[in-house]
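Chemist: Fold the stuff below for me.
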Amino acid sequence: MSNDAASGPTLVAPVRLHARSGTLPRPARRRPRTYAALAAVLLGSLGLVGCSAETEPESAPTPTSSRDLTLPLDGLTEVEAASCIPDGLRAVQAGPADDLTTVVVAGSGTDAVLLVPQNGGDECQWAQEARRLAEQGYLVATFGWARDDGASFRAAAGVLDTLGAQRTAFVGASKGGTYSIALAQELGAVTVVAISSPPTFDGLDAVAGRTSYTGPLLVVASVDDADVPASQTKTLARADDPDGFVELPGSSHGVAILAGTHAEELRGLVDDALSAAFAG
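Modeler: The predicted structure is shown next:
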């Protein structure tokens, strides 16, 4: 599981909570960039100087759209977004003053999606998917774990509430999925998607039949996941819902699926789950 970290120094007034309920850019293609040979005469006696051709990776492209992803941040404290954050997304900080959580937001509307990172993950982990879902018309947030993981999750959900969310779906990878199921009833999620998630984490239990959440649930695993075996992730799915558990080929774990050959399949599953939850 990922070991990224997030932190932030800026204080924000506590956000209110109420009961309420990709496309990642394809891996950057590599192309050669040739440095032309430079003819230089130094004091009339130096010869030709040149650089050989080399191949460098391009930076990840930023999706473009006519949709305006910016939104007012009244009541929240905006901070400078990390360089990994695509254009159109903005960063705020929320949570306890001594343990602030960086939350990245985009989109608009009252139907919201909270993208929950893996263990130690920061706001960069889901940033491109946040942009993709905002393009589809959702109000979207993702965040980085602070010291108190439960407070981080609640703070991010509270930011969406402050921005006008009336219905929120949780989509979490690995630990993020475990937290999403365990906190779904308390925070009123309208649906949960858990990807490569372990049955328990940090004392939270997401095993089917042992949680209070009874809403829509989709559990996804890679068949050969070596971090969390698919057999363990399957225990989160409900036995009476055969469509609630999907195995994808390969061994990718959590958000790594979105960088592999089954990325579009996973995005399709997430999109279908969101569409069903917000229908009507």
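Chemist: residue contacts, the spatially closest residue to L160 that is not a sequence neighbour?
Modeler: Excluding the flanking residues, the one nearest L160 by C-beta to C-beta, 6 or more residues apart in numbering is A112, at 4.5 Å. Where C-beta positions appear, they are placed from N, C-alpha and C, glycine not excepted. Going by C-beta atoms under 8 Å, 6 or more residues apart in numbering, A112 touches 138-141, 160, 163, 165-169.
Chemist: Tell me where the model's unsure across this structure.
Modeler: In the predicted model of the chain, residues 1-72, 280 satisfy pLDDT under 70.
Chemist: Let's see which of the contacts of A112 end up in helices.
Modeler: Using DSSP state H, L160 are the members of those that sit in helices.
Chemist: got the contacts of A112 as CSV, with neighbour count and distance to F278 columns?
Modeler: Listed next are those as CSV, based on neighbours: other C-beta atoms under 10 Å; distance: C-beta to C-beta, whole Å:
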residue, neighbour count, distance to F278
Y138, 23, 8
L139, 24, 11
V140, 31, 13
A141, 31, 16
L160, 24, 14
L163, 23, 16
A165, 25, 11
Q166, 16, 10
R167, 18, 6
T168, 25, 10
A169, 29, 7
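Chemist: burial measure for S212, as a count.
Modeler: S212: 8 surrounding residues under other C-beta atoms under 10 Å.
Chemist: and the gap between it and Q185?
Modeler: 4 Å (C-beta to C-beta, to the nearest Å).
Chemist: hang on, the earlier thing: on the three-state scheme, the residue nearest to L160 is what?
Modeler: Following DSSP: H, G, I helix; E, B strand; the rest coil, A112 is assigned to strand.
Chemist: And V103, by the same measure?
Modeler: strand.
Chemist: Just give me the neighbour total for the residue nearest to R238 when sequence neighbours are not counted.
Modeler: With C-beta to C-beta, 6+ apart as the criterion, R238 has its nearest non-adjacent residue at 4.8 Å, and that residue is A208. Residues within reach of A208, counting by other C-beta under 10 Å, total 20.
Chemist: Start and end of stretch 228-239, how far apart?
Modeler: Using C-alpha to C-alpha, to the nearest Å, the end-to-end distance of stretch 228-239 comes out at 19 Å.
Chemist: ok, and for it, which residues are buried?
Modeler: Neighbour-count burial for stretch 228-239 flags 228, 230, 232-237 (criterion: 16 or more other C-beta atoms under 10 Å).
Chemist: taking those one by one, which sit in helices?
Modeler: 230, 232-233.
Chemist: now, which of the residues you listed sits nearest S197?
Modeler: Among those, T233 lies closest to S197 (C-beta to C-beta), at 5.7 Å.
Chemist: Just list the residues touching the closest one, thanks.
Modeler: Residues near T233 by C-beta under 8 Å, 6+ apart: 194, 196-199, 219-221, 225.
Chemist: For F245, which non-adjacent residue is spatially closest?
Modeler: Counting by C-beta to C-beta, 6+ apart, F245 lies nearest to A237, which is 3.7 Å off, once chain neighbours are set aside.
Chemist: from memory the one you found sits against V219, does it?
Modeler: Yes: using C-beta atoms under 8 Å, A237 is in contact with V219, at 4.0 Å.
Chemist: Overlap of the contact sets of those two?
Modeler: 244-245.
Chemist: Show me what the residue nearest to L160 bridges to in the sheet.
Modeler: L139, T168 (DSSP bridges).
Chemist: Quickly note the distance from it to V171.
Modeler: Applying C-beta to C-beta, the value for A112 to V171 is 11 Å.
Chemist: Now go through the contacts of T233 and say which are in strands.
Modeler: Secondary structure defined by DSSP state E assigns 194, 219-221 of the contacts of T233 to strands.
Chemist: wait, which of those is closest to A277?
Modeler: A194 (14.1 Å).
Chemist: Surely that closest one and A206 touch.
Modeler: Yes: taking contacts as C-beta under 8 Å, A194 lies within contact range of A206: 7.0 Å.
Chemist: any common contacting residues for these two?
Modeler: 177-178, 180-181, 236.
Chemist: List the residues that contact the closest residue to L204 other than its chain neighbours.
Modeler: Closest residue in space to L204, ignoring its immediate chain neighbours: A182 at 3.9 Å, by C-beta to C-beta, 6+ apart. Residues counted as contacts of A182 (C-beta under 8 Å, 6+ apart) are 204-206, 211, 213.
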